[in-house]
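Enquirer: Pasting the sequence and the predicted coordinates here, then a few questions.
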Amino acid sequence: MSATAMPEPSGHFPSPLRGGVRGGAEGTAEFNPAPPPPPAPPRKGEESDVGASGYNFAYLDEGTKRMIRRAILKGIAVPGYQVPFASREMPMPYGWGTGGVQVTAAILGRSDVLKVIDQGADDTTNAVSIRRFFAKTSGVATTTRTTEATVIQTRHRIPETPLTEGQTLVYQVPIPEPLRYLEPRETETRQLHALAEYGAMHVKLYEDISRHGHIATTYAYPVEVAGRYVMDPSPTPKFDNPKMDDCPALQLFGAGRERRIYAVPPYTRVRSLDFEDHPFRVQEFTHPCALCGAEGVYLDEVLLDDAGKRMFVCSDTDHCEGRRADGHVGTGDAI
Amino acid sequence: MYVAVKGGEAAIDNAHQLLAEARRGDPSVPELSVAQIREQMALLVDRVMIEGSLYDPDLAALALKQARGDVVEAVFLVRAYRTTLPRFGASVPLETGAMTVARRVSATFKDLPGGQVLGPTFDYTHRLIDFTLAAEGATAPAAEAEPHADAATCPRVTDLLAQDGLIEASPPDEGAPVGDLTREPVDYPADRALRLQALARGDEGFVLGLGYSTQRGYGRTHPFVGEIRVGEVAVEFVPEELGFAVPLGRVRLTECQMVNQFKGTGAAPPQFTRGYGLSFGQSERKAMAMALVDRALRAEELGEPVTSPAQDQEFVLAHCDSLQATGFVEHLKLPHYVDFQAELELVRRLRTEFERKSDSVEMQEAAE
């Protein structure tokens, strides 16, 4: 509750800062006046202060960041387990990556270099918008180069360039529960996870095979993490699933609307669910990228005219640009 | 030749400029002031406050102006702002029995202490467009109220019923800390306080539809409006360093006490049960719908079969929030071409296999 029915003259509105209390631990006191928790260990020289934008570093107050970091740590300790967290209402809509944004805000330090991609590209509107948000609220360096980034926030893709130790990949997740479309009730699915009862998922995949001859799941393809929890890899195409396995980078998943965080620590086994006689397979493209000639990468299909002319180009724009800078040339042909 | 699309930044900036222009509309028409919205679109302001979970009429009016009158967008602005506010504690429970009522009606008793007070209501207006309102500048004569003999004492109808034990007792305040669903993730099953929080923030249209569904047999509760009251209530707070309550100000509220039939069980005698609705400002539709759904959600507690959407707390709580709903529905307009490409590939492969199969069937038939 803020101001009550006080007839404050119109035109007077408190600044978003409310006296600058947001940065301090006092400013985030919740209902129970417990002593403030010990400060989280500073990450790469980060200090709690108010940035040039008038907001705390990376927007969220330090108390909220601490709460999110706890959820992240728990997620790392129990790979693939969905940790409930008190997701905040962010200044962008649910569905636009509020979970990923909160995770990134909680882990970002001053020396980090941030890359944001959507559909593999740095220049899609929502990637631009999120990158600007952090540039404005944290002032950290941003990049489009996968190799230069320390934190990469993504929607729907994993970069083609292999990730390395010390990098963190933050996924935006719409529906964190892999069993949700088989069982809509949270009370039920939590129990199924507790009992590692994943029979329904295998039956679903089996039914696909009996009906279509293939597993008809092409994205958000379920994986088993560290031999225990079945996890939704977010709606990345299954093409990207093998990149999650034994990955040197830390992978964090944030679902804002559904209020869940989960994680895959570096070098963790991530296995896509399959059957002995129907092994997991990724998409294959018959053409190389028309711009850089890359094969074995994920491609976007671009329509060029209304007569069915189209072109296949790299979905990962940084990968494509890097290859072209190195002298690789595609045919440039439409198909 | 195709060149990878660039220019997201410029496109966003231009879109924002266009939005600002569209928001202002025709510049030859005078601009709305926030005070005009607050005073003349008061019920809209109330809705933004209740669904935004923040009592601040000026801020809600400004949000409506910024949002071009889009309620959900205005709620969004208020909520995102609310997130940044520090919490310094919970107020003393409001004493709605001490409300300065502007309106108070009971559908269960013809007359009662405090009387029936119609107040400012659309209830008995004839919905004929008043073209005289199109002529600006006219001021309506000030309304004057008759002094009311017992206006000072306006006890709640449910308290009067409770004296005879005809209605279940209000659960006692055990001083337990107040949950806050904006600060902790909801853990199902959620207690009644959290459910009421969710319903109060819930989208008016959604809660209204659910409440309506209970009246049409999907989790029927046999409701009567025990009472609806609208008016101002003092908000008090006990600062730790003082140890006694100090007034913070007054808020305008609408409270609805629904009285519902209950046949009793082997252990409990037949008595009426309660459904409760509370909202900021004057929002009777919301408070009534909320009270209907609150009672429906108590089905399990009262040993009634849970068969309908309005009785199912996971269904109601997970879907009543307009921001969550609009976010997930509207995010479909974000690019999905990576996933769509994956689906395209699958459909093309399945179609090729389908054609191959039907070709071989045809060949087989021709050979026979």
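Expert: Structure's in. What do you need? Numbering: from 1, shown residues only, chains lettered A, B, ... in the order given.
Enquirer: Run through chain A and note the low-pLDDT ranges.
Expert: For chain A, the stretches with pLDDT under 70 are A:1-54.
Enquirer: The residue of the stretch 51-200 of chain B found nearest chain A: neighbour count?
Expert: Residue of the stretch 51-200 of chain B nearest chain A, by CB to the nearest CB: B:Pro185 (4.0 Å). For the C-beta atoms, the positions are set from N, CA and C on the backbone; glycine is no exception. Neighbour count for B:Pro185, taken as other CB atoms under 10 Å in any protein chain shown: 14.
Enquirer: check contacts around it.
Expert: Taking CB atoms under 8 Å, 6 or more residues apart in numbering or on different chains as the criterion, B:Pro185 is in contact with A:84-87, A:259.
Enquirer: the strands in the stretch 201-350 of chain B, which residues?
Expert: Under the criterion DSSP state E, counting those that start in this stretch, the stretch 201-350 of chain B contains strands at B:223-237, B:246-260, B:273-280.
Enquirer: Now distance to B:Ser91 too, for those, in CSV please.
Expert: CSV is the format used below for these (distance: least, CB to CB, whole Å):
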stretch, distance to B:Ser91
strand B:223-237, 5
strand B:246-260, 7
strand B:273-280, 13
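Enquirer: Nearest approach to chain A belongs to which of those?
Expert: Across the strands of the stretch 201-350 of chain B, closest to chain A is strand B:246-260 (CB to the nearest CB), at 2.7 Å.
Enquirer: That closest one - which strands sit beside it in the sheet, and in what orientation?
Expert: strand B:223-237 (antiparallel), strand B:273-280 (antiparallel) (DSSP bridges).
Enquirer: rewinding a little: name the SS class of the residue of the stretch 51-200 of chain B closest to chain A, please.
Expert: Classification of B:Pro185 using DSSP: H, G, I helix; E, B strand; the rest coil returns coil.
Enquirer: what do you get for A:Met311?
Expert: strand.
Enquirer: Now do the contacts for it.
Expert: The contact partners of A:Met311, taken as CB under 8 Å, 6+ apart, are A:290, A:301-302, A:304, A:333-335, B:2.
Enquirer: Which among these count as buried?
Expert: A:290, A:301-302, A:334 (16 or more other CB atoms under 10 Å in any protein chain shown).
Enquirer: And the strands in the stretch 101-250 of chain A, which stretches?
Expert: Using DSSP E, counting those that start in this stretch, strands in the stretch 101-250 of chain A cover A:113-118, A:141-142, A:151-155, A:168-172, A:223-225, A:229-231, A:250-255.
Enquirer: I'd like the ones you listed as a markdown table, with mean neighbour count and distance to B:Asp123 appended.
Expert: Shown next, in a markdown table, are the strands of the stretch 101-250 of chain A (neighbours: other CB atoms under 10 Å in any protein chain shown; distance: least, CB to CB, whole Å):
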| stretch | mean neighbour count | distance to B:Asp123 |
| --- | --- | --- |
| strand A:113-118 | 25 | 50 |
| strand A:141-142 | 16 | 57 |
| strand A:151-155 | 25 | 49 |
| strand A:168-172 | 27 | 47 |
| strand A:223-225 | 22 | 58 |
| strand A:229-231 | 21 | 54 |
| strand A:250-255 | 27 | 44 |
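Enquirer: ok, and the closest non-adjacent residue to B:Thr96?
Expert: Among residues not flanking B:Thr96 along the chain, B:Glu255 sits closest, at 5.0 Å (CB to CB, 6 or more residues apart in numbering or on different chains).
Enquirer: Report the separation between the one you found and B:Leu292.
Expert: Note on B:Glu255: its distance to B:Leu292, by CB to CB, to the nearest Å, is 14 Å.
Enquirer: Between these two, tell me which one has more neighbours.
Expert: The neighbour count for B:Glu255 versus B:Leu292, taken as other CB under 10 Å, is higher for B:Leu292 (27 against 24).
Enquirer: The nearest residue to that one once chain neighbours are set aside: what's it in contact with?
Expert: Nearest in space to B:Leu292, with sequence neighbours left out and distances taken as CB to CB, 6+ apart, is B:Gly211 at 3.6 Å. Counting by CB under 8 Å, 6+ apart, B:Gly211 makes contact with B:288-293, B:296, B:310.
Enquirer: could you redo the last one with a cut-off of 6 Å?
Expert: Listed by CB atoms under 6 Å, 6 or more residues apart in numbering or on different chains, the contact set of B:Gly211 reads B:289, B:292-293.
Enquirer: Mind putting these into JSON lines with distance to B:Gly115 and pLDDT?
Expert: Formatted as JSON lines, the contacts of B:Gly211 follow (distance: CB to CB, whole Å; pLDDT from 0 to 100):
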{"residue": "B:Ala289", "distance to B:Gly115": "26", "pLDDT": "98"}
{"residue": "B:Leu292", "distance to B:Gly115": "26", "pLDDT": "97"}
{"residue": "B:Val293", "distance to B:Gly115": "29", "pLDDT": "98"}
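Enquirer: Identify the residue spatially nearest to whichever residue of the stretch 151-300 of chain A sits closest to chain B, adjacent ones excluded.
Expert: Going by CB to the nearest CB, chain B is nearest to A:Thr218 of the stretch 151-300 of chain A, at 3.6 Å. Of all residues not flanking A:Thr218 in the chain, B:Ala342 sits nearest, at 3.6 Å (CB to CB, 6+ apart).
Enquirer: What of B:Val238?
Expert: B:Ala245 (5.1 Å).
Enquirer: so how far is B:Asp159 from the one you found?
Expert: 21 Å.
Enquirer: ranges for the helices of the chain?
Expert: In the absence of a named chain, chain A is used. In chain A, the helices defined using DSSP state H lie at A:62-77, A:98-107, A:125-138, A:186-194, A:199-212, A:241-244, A:317-325.
Enquirer: You answered for a different chain; I wanted chain B.
Expert: Going by DSSP H, chain B shows helices at B:8-24, B:34-40, B:42-52, B:57-66, B:71-83, B:157-162, B:192-201, B:204-215, B:284-297, B:313-319, B:322-330, B:337-367.
Enquirer: Deepest-packed of those, please.
Expert: Among the helices of chain B, helix B:284-297 has the highest mean neighbour count (mean count of other CB atoms under 10 Å in any protein chain shown), at a mean of 27.
Enquirer: Output the contacting helices and strands for that one.
Expert: helix B:192-201, helix B:204-215, strand B:246-260, strand B:273-280 (3 or more CB pairs under 6 Å, 6 or more residues apart in numbering or on different chains; DSSP states H and E).
Enquirer: let's go with 8 Å and repeat that
Expert: Counting contacts by 3 or more CB pairs under 8 Å, 6 or more residues apart in numbering or on different chains; DSSP states H and E, helix B:284-297 is packed against helix B:192-201, helix B:204-215, strand B:223-237, strand B:246-260, strand B:273-280, helix B:313-319.
Enquirer: can you put the ones you listed in CSV and add mean pLDDT?
Expert: Converted to CSV, those look like this (pLDDT from 0 to 100):
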stretch, mean pLDDT
helix B:192-201, 96
helix B:204-215, 97
strand B:223-237, 95
strand B:246-260, 96
strand B:273-280, 96
helix B:313-319, 96
